[in-house]
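1. Let's see this in three dimensions:
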Amino acid sequence: MNVKSDMVEIHICRYSEDHHSFLVLKRAETENYPNLWQPVTGRVHENESAIQGAMREIKEETGLMPKKLWVVPQVNTFFSPLTDSVNLIPVFLALVDEREEVKLSEEHSEYQWLSYNEAIPLFAWPGQRKSLESIHEYLNEKSNFFELIRVEI
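-> Take a look at the predicted model:
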């Protein structure tokens with residue numbers, strides 16, 4: 001068995017009129033796990049850092065350019081029987097301007113901007129729900145136990 005870390009997960013948020021909304025993407029029919037709702041996810045290329053991969057995936061999958069980027073203190077995991085590997089996925093939060101328009105790639109068929117309460121039940125994977133829960137707590141100052149690490153972009 002191997003341990004791999006070549007993927008990233010990015011939750012995209014915008015702030016307007018005193019509330020946060022989160023971008024959720026619906027996987028296209030042609031993709032693995034078709035019609036599954038998710039945050040931005042993707043593979044990190046060879047010789048690319050996780051942060052560089054996150055920024056590239058945001059641009060490729062949504063056409064958006066983050067104003068700010070943070071590391072979320074969580075690493076999601078899953079086991080792949082195809083590669084006999086445990087996969088470690090760092091999680092990021094990206095803040096975008098509420099006026100920017102989403103331009104989907106072929107990987108996704110739809111998108112929605114949703115509140116935390118609307119978005120959380122759409123995620124199939126427990127780790128993605130936990131990540132959004134941590135982000136929600138941070139954004140609403142319900143937790144004084146941690147601070148997100150801001151990344152210079």
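
2. going forward, measure contacts between C-alpha atoms and count neighbours the same way
-> Noted.

3. count of residues packed around Asn32?
-> Counted by other Cα atoms under 10 Å, the residues lying close to Asn32 total 10.

4. low-scoring pLDDT stretches of this structure, where are they?
-> Counting by pLDDT under 70, the ranges of the chain that qualify are 142-146.

5. Any idea which residue is closest to the centre of it?
-> With distances taken as Cα atoms, centre = their mean, Ile10 lies nearest the centre of the chain, 2.2 Å away.

6. how far does the host helix or strand of that residue sit from the chain's center?
-> When elements are defined using DSSP states H and E, Ile10 is found to belong to strand 7-16. Shown here is strand 7-16, whose average C-alpha point lies 5 Å from the average C-alpha point of the whole chain (Cα atoms, centre = their mean, to the nearest Å).

7. Stretch 114-123 now?
-> Remark: stretch 114-123 is offset 13 Å from the chain centroid, using Cα atoms, centre = their mean.

8. who's in contact with it?
-> Outside of stretch 114-123, the residues that reach it under the criterion Cα atoms under 8 Å, 6 or more residues apart in numbering are 20-24, 36-38, 129, 132-133, 136.
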